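Enquirer: sequence plus the predicted model coming up.
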Amino acid sequence: MEKFGGVSRSRTHKSLLGMEMSRSKTVPVWAVLSLLTNAVLILAVAQLLRGHNLTESSPASAAVTAEGTEELIRQPTTTATNSAKAVSDLPVAGPRHKWSYQQWVTQLGREAEAAAANRPPKLSVLAGDSLSMWFPTKLLPPDRIWLNQGISGETSVGLLKRLQLFDRTVPDTVFVMIGINDLLRGASDEGILDNQRQIIRDLRWAHPKAQVVVQSILPHSGEQATWENRDRLLAIPNSRIRAINRRLQEIATSENVLYLDLQPLFADADGNLPTELSTDGLHLNDRGYLVWRSALQMFGQMQLKN
């Protein structure tokens, strides 16, 4: 497999199936657990959105960044006040927004190396595109140390090539969300799913003790979207995203990793991303990230081992 930086590295992927699936008509245990988890998540988030005020102070989570990383990781309970990621609804213009893709890769590599050197406890990795990249530090679940490895505009191909950036880290959990930019660039469903499968296998190979969580691709707001490339977005029906997610869940199950279905939390009655959760019909605002945070917290309590 060709990895980032032109370095060729062969990875032998053995079978990752932990057990054979029963062919009986009995509903699989994983399916029941998935339904129960989603039901609880929906109820919890609905209750939270009714009663939560985003202007209230909330505990900041710890995040690994190049600035002040050593102090942060040595003291995991310290809050991150110098995060590399923006924490407002709309990204604030600044030098980092003008960085090239390669500059971001270099920066994330530095942050990953810092995490690898200090080995923080309860390390969780966010791997993905701008949706992960702009997850507000103040809204990440505070019971973990977070290493954000998201890059704006990232595709499944790009993520697969740069997974080795955090090979030397020892995460408890790796959360993956990727695919919407593939669709915007005209990738096929099969191509996206094949890359997702390779990402899972690569992560299982590099982090055999970590729990890998594949997250569903979020829908967009359809006709209500105001994103600058709205026409490209509208060319991707949300029904197609739902179909990809169903197959993605099957892949996650077959590869013996966890699947977090965010669709019920981020879709209205028409299957579109509610505008009150988004800045432009594609990206999330603080309210949207609050929903995601709640999903991560509930999922962690119900499904994760630590």
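Expert: Here it is on my side, so go on. Numbers count the residues shown, from 1 in each chain.

Enquirer: which residue ranges of the stretch 201-306 of the chain form helices?
Expert: Counting by DSSP state H, counting those that start in this stretch, residue ranges of the helices within the stretch 201-306 of the chain are 230-234, 238-254, 286-303.

Enquirer: residue 201 is nearest to which of those helices?
Expert: Ranking the helices of the stretch 201-306 of the chain by proximity to residue 201 (C-beta to C-beta) places helix 238-254 first, at 10.2 Å. Every residue, glycine included, has its C-beta placed from N, CA and C.

Enquirer: buried sites along that closest one?
Expert: Neighbour-count burial for helix 238-254, counted by 16 or more other C-beta atoms under 10 Å, picks out 238, 241, 244-245, 248-249, 251-253.

Enquirer: ok, and what's touching it?
Expert: Helix 238-254 has contacts (C-beta atoms under 8 Å, 6 or more residues apart in numbering) with 17, 21, 30, 34, 179-180, 183, 189, 192-193, 196-197, 200, 214, 216-220, 222, 258-259, 261, 263, 267, 271-272.

Enquirer: repeat the analysis, applying 7 Å as the threshold.
Expert: With C-beta atoms under 7 Å, 6 or more residues apart in numbering as the test, helix 238-254 has contacts from 17, 30, 179, 189, 192-193, 196-197, 214, 216-217, 219-220, 222, 258-259, 261, 263, 271-272.

Enquirer: just the buried subset of those residues, please.
Expert: Judged by 16+ other C-beta under 10 Å, buried ones among the contacts of helix 238-254: 179, 189, 192-193, 196-197, 214, 216-217, 219-220, 222, 258-259, 261, 263, 272.

Enquirer: what about these, which are in strands?
Expert: Counting by DSSP state E, the part of the buried ones among the contacts of helix 238-254 found in strands is 214, 258-259.

Enquirer: looking at the helices of the stretch 201-306 of the chain, spot the one closest to residue 104.
Expert: Checking the helices of the stretch 201-306 of the chain against residue 104 by C-beta to C-beta gives helix 286-303 as the closest, at 20.0 Å.

Enquirer: pLDDT averaged over that closest one - what is it?
Expert: When pLDDT is averaged along helix 286-303, the result is 96.

Enquirer: in that helix, what counts as buried?
Expert: For helix 286-303, burial by neighbour count (16+ other C-beta under 10 Å) applies to 286-300.

Enquirer: and those residues, which is closest to residue 99?
Expert: residue 289 (21.9 Å).

Enquirer: how about the nearest residue to the closest one, chain neighbours excluded?
Expert: Once flanking residues are discounted, residue 289 sits nearest to residue 139: 4.8 Å by C-beta to C-beta, 6 or more residues apart in numbering.

Enquirer: residues near that neighbour, how many?
Expert: 23 (other C-beta atoms under 10 Å).

Enquirer: for it, give me its contacts.
Expert: When contacts are counted by C-beta under 7 Å, 6+ apart, residue 139 touches 286, 289-290, 293.

Enquirer: need those residues in a markdown table with distance to residue 147, can you?
Expert: Rendered in a markdown table, the data for these read as follows (distance: C-beta to C-beta, whole Å):
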| residue | distance to residue 147 |
| --- | --- |
| 286 | 21 |
| 289 | 17 |
| 290 | 21 |
| 293 | 16 |
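
Enquirer: which of those residues sit farthest apart?
Expert: Maximum pairwise distance among these (C-beta to C-beta): 9.9 Å, between 286 and 293.

Enquirer: per-residue confidence at residue 212?
Expert: Looking at residue 212, the pLDDT reads 98.

Enquirer: what's across from it in the sheet?
Expert: Assessed by DSSP bridges, residue 212 has beta-bridge partners residue 174.

Enquirer: burial count for residue 275?
Expert: As a burial measure, residue 275 scores 16 neighbours (other C-beta under 10 Å).

Enquirer: residues touching the spatially closest residue to it that is not a sequence neighbour, list them.
Expert: Counting by C-beta to C-beta, 6+ apart, residue 275 lies nearest to residue 224, which is 5.1 Å off, once chain neighbours are set aside. Contact analysis of residue 224 by C-beta under 7 Å, 6+ apart lists 272, 275, 281.
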